[in-house]
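Undergrad: Take a look and give me a structure for this.
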Amino acid sequence: MIYSSLQRDGSSARQMTGNPAQFEAIGNRLGFRAVEESPRRLLLRWQGARFPAFLCLGIAVILLFVSVPIVEALRLRGFVGPAGSLWYFPVMNVILFGISIFLITQRRTIELDSDARQMILRRQSLYRTVCFAASYDEIHKVRLGFDQVYGGFAVGGSTAAQSFPVPALRAVLKNGDTVLLDRGSFRKLADIGRRLSQRIMTSLEIDPQLHEQRRV
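TA: Here you go, the predicted model:
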């Protein structure tokens, strides 16, 4: 999807590429960190869900000690041998390896290019890369507020999952859309928000409820 807008003076058109909705996150936290900061460029990166990725990889490596002999037995005697009923171990091994590789390759970046006056978001995984780009002129403000994130799930006809507020940093676009930048602690998001707003040369809006919550 391509969004477009005009500069105030109407002299030239700037295009915003990508769909902000593709950068929404199911989880309650992301956690970007600055990997490059210079007068010309600010690069923030989130490196996926590392703990579950390495947990799946560790389990898969351990299962290799079981799966390799089973595969060899199946190759020699087929499914009629004693190992025929244990075929699911190699299958589980492959699935766990696939999940771990997918999680390890998950990555998000936020790049501010001062020369091009452009904000570029990227979401990468094993099988695709999604990009969103907007010029500084198309960003109205940076807002630090709350997102309603669902926790748990409904089981056996119970009530629907409950939502709870999580601090979230978003870029508010002049066309009315918002794009999620990060979720996490108030202090860290406020620091990232100040860096971004200073480079974009726009305001940082902080929800008053966040200040009240910190006082409590």
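Undergrad: Contact partners for the nearest residue to residue 190 once chain neighbours are set aside?
TA: Spatial nearest neighbour of residue 190, chain neighbours left out: residue 144 (6.2 Å); criterion: Cβ to Cβ, 6 or more residues apart in numbering. From N, CA and C alone the C-beta is placed, and that goes for glycine too. By Cβ atoms under 8 Å, 6 or more residues apart in numbering, the contact list for residue 144 reads 167-170, 186, 189-190, 193, 204-207, 210.
Undergrad: pLDDT weak spots in the chain?
TA: The model of the chain has pLDDT under 70 over residues 1-14, 26-28, 151-161, 211-216.
Undergrad: Among the contacts of residue 144, name the ones in helices.
TA: Using DSSP state H, 186, 189-190, 193, 210 are the members of the contacts of residue 144 that sit in helices.
Undergrad: ok so, going back, quick one: strands adjacent to the strand or helix carrying the residue nearest to residue 190?
TA: Residue 144 is part of strand 139-151, with elements assigned from DSSP states H and E. As defined by DSSP bridges, the strand partners of strand 139-151 come to strand 162-173 (antiparallel), strand 203-206 (parallel).
Undergrad: and these, which is most packed in?
TA: strand 162-173 (a mean of 19; mean count of other Cβ atoms under 10 Å).
Undergrad: Could I get the buried residue list for the top helix by length along the chain?
TA: Determined from DSSP H, the single longest helix within the chain is helix 50-77. By neighbour count on 16 or more other Cβ atoms under 10 Å, the buried set for helix 50-77 is 53, 56-57, 60, 63, 67, 70-71, 74.
Undergrad: who's the residue lying closest to residue 148 once chain neighbours are set aside bridged to?
TA: Distances taken as Cβ to Cβ, 6+ apart place residue 163 nearest to residue 148, at 4.3 Å, with adjacent residues excluded. In this entry, residue 163 is beta-bridged to residue 150, by DSSP bridges.
Undergrad: next helix or strand past the longest helix of the chain?
TA: Next along from helix 50-77, by DSSP H and E: helix 88-104.
Undergrad: and that following helix, what does it pack onto?
TA: Other helices and strands packing on helix 88-104, by 3 or more Cβ pairs under 8 Å, 6 or more residues apart in numbering; DSSP states H and E, are helix 50-77.
Undergrad: what's the angle from the helix it packs on to helix 88-104?
TA: With axes from the mean of the first three to the mean of the last three Cα atoms, to 10 degrees applied, the angle from helix 50-77 to helix 88-104 works out at 150 degrees.
Undergrad: Need phi/psi at residue 38.
TA: Backbone geometry at residue 38, expressed as degrees, to the nearest 10, gives phi -140, psi 170.
Undergrad: and it, how many neighbours?
TA: Residue 38 has 8 neighbours, counted by other Cβ atoms under 10 Å.
Undergrad: Can you tell me how far it is from residue 204?
TA: 21 Å (Cβ to Cβ, to the nearest Å).
Undergrad: and if you look at residue 149?
TA: According to Cβ to Cβ, residue 149 and residue 204 sit 22 Å apart.
Undergrad: Please apply the same query to residue 108.
TA: Per Cβ to Cβ, residue 108 is found 21 Å from residue 204.
Undergrad: residues of stretch 83-99 that come out buried?
TA: Within stretch 83-99, the residues scored as buried using 16+ other Cβ under 10 Å are 83, 86, 89-90, 93, 96-97, 99.
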